[in-house]
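> show me how the following folds:
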Amino acid sequence: MSNSSSISHFLLLALADTRQLQLLHFCLFLGISLAALLGNGLIISAIACGHLLHTPMFFFLLNLALTNLGSICTTVPKAVHNSLWDTRNISYAGCVVQVFFFLFFISAEYYLLTTMCCDR
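Modelled structure (predicted):
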């Protein structure tokens with residue numbers, strides 16, 4: 001008989017132990033993420049609707065706003081959920097997916113910024 005174990009979920013470190021601080025973190029994360037969503041949404045809609053903004057510089061800016069939006073949407077919802085519902089676990093598959101997409105969007109942002117630097 002061999003001893004084997006498998007990982008089904010990870011325990012996350014809580015930002016605060018008291019409920020009032022958890023609700024403060026919830027409101028803070030929600031406000032920051034909504035501001036980022038609104039700002040990136042305005043950039044995306046302005047570039048998509050403005051026909052004079054269909055130049056290569058604004059194309060890269062549009063893609064940079066989209067990748068920034070993607071990187072925010074991969075991490076913040078789980079943090080907001082954990083703060084609101086006082087949970088401290090994430091499944092193994094959820095953690096792998098979250099890390100994969102976060103690294104994908106961050107590397108895409110770096111490549112876009114490098115391309116924008118070479119373009120200018």
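
> please make it C-alpha for all contacts and neighbour counts, starting now.
Fine.

> tell me, what residue is most central in this structure?
Using CA atoms, centre = their mean, the residue of the chain that lies closest to the mean C-alpha position is residue 72, 2.1 Å off.

> my read: that one touches residue 35, true?
No: with contact defined as CA atoms under 8 Å, residue 72 does not reach residue 35; the gap is 11.0 Å.

> by mean pLDDT, which helix or strand of this protein comes out lowest?
When each helix and strand of the chain is scored by mean pLDDT, DSSP states H and E, strand 9-11 comes last, with a mean of 77.

> report the buried residues of the next helix or strand after that one.
For strand 9-11, the succeeding helix or strand toward the C-terminus, using DSSP states H and E, is helix 19-49. By neighbour count on 16 or more other CA atoms under 10 Å, the buried set for helix 19-49 is 22-23, 25-26, 29-30, 33, 36-37, 40-41, 43-44, 47.

> just put these in JSON lines and tack on pLDDT and distance to residue 90.
Putting those into JSON lines (pLDDT from 0 to 100; distance: CA to CA, whole Å) gives the following:
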{"residue": "22", "pLDDT": "84", "distance to residue 90": "17"}
{"residue": "23", "pLDDT": "87", "distance to residue 90": "19"}
{"residue": "25", "pLDDT": "87", "distance to residue 90": "18"}
{"residue": "26", "pLDDT": "89", "distance to residue 90": "17"}
{"residue": "29", "pLDDT": "90", "distance to residue 90": "18"}
{"residue": "30", "pLDDT": "92", "distance to residue 90": "19"}
{"residue": "33", "pLDDT": "93", "distance to residue 90": "20"}
{"residue": "36", "pLDDT": "94", "distance to residue 90": "24"}
{"residue": "37", "pLDDT": "94", "distance to residue 90": "24"}
{"residue": "40", "pLDDT": "95", "distance to residue 90": "28"}
{"residue": "41", "pLDDT": "94", "distance to residue 90": "29"}
{"residue": "43", "pLDDT": "94", "distance to residue 90": "33"}
{"residue": "44", "pLDDT": "94", "distance to residue 90": "32"}
{"residue": "47", "pLDDT": "93", "distance to residue 90": "37"}
